[in-house]
Each structure stands twice: as structure tokens, then as C-alpha cells.
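Q: One predicted model, sequence on top.
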Amino acid sequence: MLVAAAVCPAPPLLVPEVAAGAAAELDGARTACSDALAVLAASRPGLLVVVGAASSDDQVGPYPQGSRGGFHGFGVDSGVRLGEGVRPGDGVRSGEEPDAGTRPLPPALAVGAWLLDHARWGAAPVEGLAVAHSLETGEALRAGRDLAAREDRVALLVMGDGSACRTLKAPGYLDERAGAFDTAAAAALATADTAALAGLDVTLAAELQAAGRAPWQVLAGAAEGAGLDGRLLYEDAPYGVGYFVAAWS
């Protein structure tokens, strides 16, 4: 059963080493993420699953505890490991081979792993699940229900951004539909409204490059019947991309 969830944005720029001189611009988001992770720890889960969108089809699927990832594509040599209390910069290198039988974490899960490492997570075992951007709503809801049934007390760290079309300089350029889409998503995350999250339009989300749509709908499936309350801890659109942080408990 799902007992808590944290929703965080997934840009590698959350990692200060990646953001470099612009790191301070996302200090508010990092603080909010830390607060959301504190809610997860307080829920005393038996299992934490980090859910995020895969960057390619070969990244889709589960990732066991200990899976490695990194940000070498952004000029940063140090990497992260999913769970196991590995701290940032303590010797895991992005160029290392992953453990036998595992794949490198996709960027969204690597950012989630960094957040957990930064928070010194040790409250429960950690696994990852990368879902396709194109995952249909029904499949996402079923995946969430399956995750919630894994243990008596399951928590989710859900990584994903809103639309990438909020300004002329946004990655997807300006789309006048983006503001309304993000407003609806933020309202659903703020109130733990699973029906509203499930109702997000798959086609529109794809056109707006909203990478959080599928992970949020996995959350909606996991939270069905759980009776959780939601709080929106952060909402902004730096770089023309919608970023949200929410805590459900």
C-alpha cells in the first residue's frame, strides 16, 4: 500500500556540479525536494521506488538497488548509485561499468538517486522504475497499482517535469497551451487528486514535452484508495520548463 510520495523535477541542473555557476537558481527547488524527502522518511516505508521517464526505449524497466548512473554527458565526472547510502563524490564515477546484470540509470533516475544521496537516505531499500514517455494512461495506472501492492508500506519518489514550452527560450519553444496544462498538473499534485492526474491528456503532454505525465500517472495508480493528502511545496518555470515539488502523505 502506498503510504507517501514525493514529486520532484528531474533536470540534471538540480545537481549543483552540473549547474555550476547557475546552481543558485534552483536552490529553492532543492530545498523543497529535501522537505519532500523528509516526508517520505517520516512515513517509515518498507520499500521506496524511484519512478521517472526513460530517455530511450532500452532504458525502460526496473532498476535494482545499487544501479549506477552519472552526469558525464554534462561535463561532470562523479556519479551516483541508487540506494545503499552512497554519498555524492565518494568514489563512484560516471565512467565505471555498472554492476553485473544492471544498466546505467537514465537521467531522471540518476537525479532521483542524487537527491536521495544528498539527503543521506537510509529509511528503506530503494529500487527504480523507468517508464516510457509514450506509456498509455491505463498501463501507467496498472504499473502504479502493482508498485503499491509490493509491500505493506510503499513510498514513491516520482521524478518528472511539466511542459517544456512556457517561454520563447524554452526547449520546446512557446506554446500557449503550456500554462493551462501546468496549472492543471500543479493543482492535481497539490491536492493528491488521482483522477485529475489520470485525466492528463497523453497527446497534449507529448506535444508540450511534459516528461512528468507518465510518472505522475503511475503515482495516480499507486495512490488509488490510499486516502493521501497533498501539498505543493514548489512551483516555478525556470528555463521555460514547469517544475513542481509536492509531498503526499
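A: Nice, thanks for sending it over.
Q: now the helices for this structure?
A: 16-19, 27-42, 107-118, 137-148, 178-191, 194-198, 202-207, 213-222 (DSSP state H).
Q: helices and strands of this protein: which one bottoms out on pLDDT?
A: The helix or strand of the chain with the poorest confidence is helix 16-19; it has a mean of 88 (mean pLDDT, DSSP states H and E).
Q: Extract the CA atoms of that one and return them as PDB.
A: Extracted C-alpha coordinates of helix 16-19, given in PDB (Å, rounded to 0.1, in the frame of the first residue of the first chain):
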ATOM      1  CA  PRO A  16      25.000  21.800  -8.300                       C
ATOM      2  CA  GLU A  17      28.100  20.400 -10.100                       C
ATOM      3  CA  VAL A  18      26.100  20.200 -13.300                       C
ATOM      4  CA  ALA A  19      24.500  23.700 -12.900                       C
END
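Q: circling back to that earlier point, which one of the helices of the chain lies closest to S249?
A: S249 lies closest, by Cβ to Cβ, to one member of the helices of the chain: helix 27-42, at 5.2 Å. C-betas here are computed from N, CA, C, even on glycine.
Q: Pull the contacting residues for the residue nearest the centre of the chain.
A: In the chain, the centroid-proximal residue (Cα atoms, centre = their mean) is M159; its distance is 0.7 Å. Neighbouring residues of M159 by Cβ atoms under 8 Å, 6 or more residues apart in numbering: 8-10, 50-53, 108-109, 111-112, 212, 215.
Q: Out of those, flag the one nearest to G75.
A: Closest to G75, out of all of the contacts of M159 and judged by Cβ to Cβ, is V111, at 15.7 Å.
Q: Quick check: closest non-adjacent residue to the closest one.
A: Distances taken as Cβ to Cβ, 6 or more residues apart in numbering place A10 nearest to V111, at 5.0 Å, with adjacent residues excluded.
Q: Now for the one you found: which residues touch it?
A: Shown in contact with A10 (Cβ under 8 Å, 6+ apart): 52-53, 107-108, 111-112, 159-161, 211-212.
Q: Any chance of the residues you listed in a markdown table with distance to Y173 and pLDDT as columns?
A: Below are the contacts of A10 laid out as a markdown table (distance: Cβ to Cβ, whole Å; pLDDT from 0 to 100):
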| residue | distance to Y173 | pLDDT |
| --- | --- | --- |
| G52 | 24 | 98 |
| A53 | 20 | 98 |
| P107 | 22 | 96 |
| A108 | 22 | 97 |
| V111 | 24 | 97 |
| G112 | 28 | 98 |
| M159 | 24 | 98 |
| G160 | 20 | 97 |
| D161 | 16 | 98 |
| A211 | 16 | 97 |
| G212 | 19 | 98 |
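Q: what about this protein, any weak spots by pLDDT?
A: 84-101 (pLDDT under 70).
Q: backbone phi and psi for the residue nearest to V111, please?
A: Main-chain torsions, A10, degrees, to the nearest 10: phi -120, psi 20.
Q: Tell me the spacing between it and T194.
A: Distance, A10 to T194, using Cβ to Cβ, to the nearest Å: 21 Å.
Q: ditto for D201
A: Applying Cβ to Cβ to D201 and T194 gives a distance of 16 Å.
Q: Same drill for the two, tell me which one is more crowded.
A: Between D201 and T194, counting by other Cβ atoms under 10 Å, T194 is the more crowded of the two (24 against 15).
Q: Quick one: buried ones out of the contacts of A10?
A: Buried subset of the contacts of A10 (neighbour count, 16 or more other Cβ atoms under 10 Å): 52-53, 107-108, 111-112, 159-161, 211-212.
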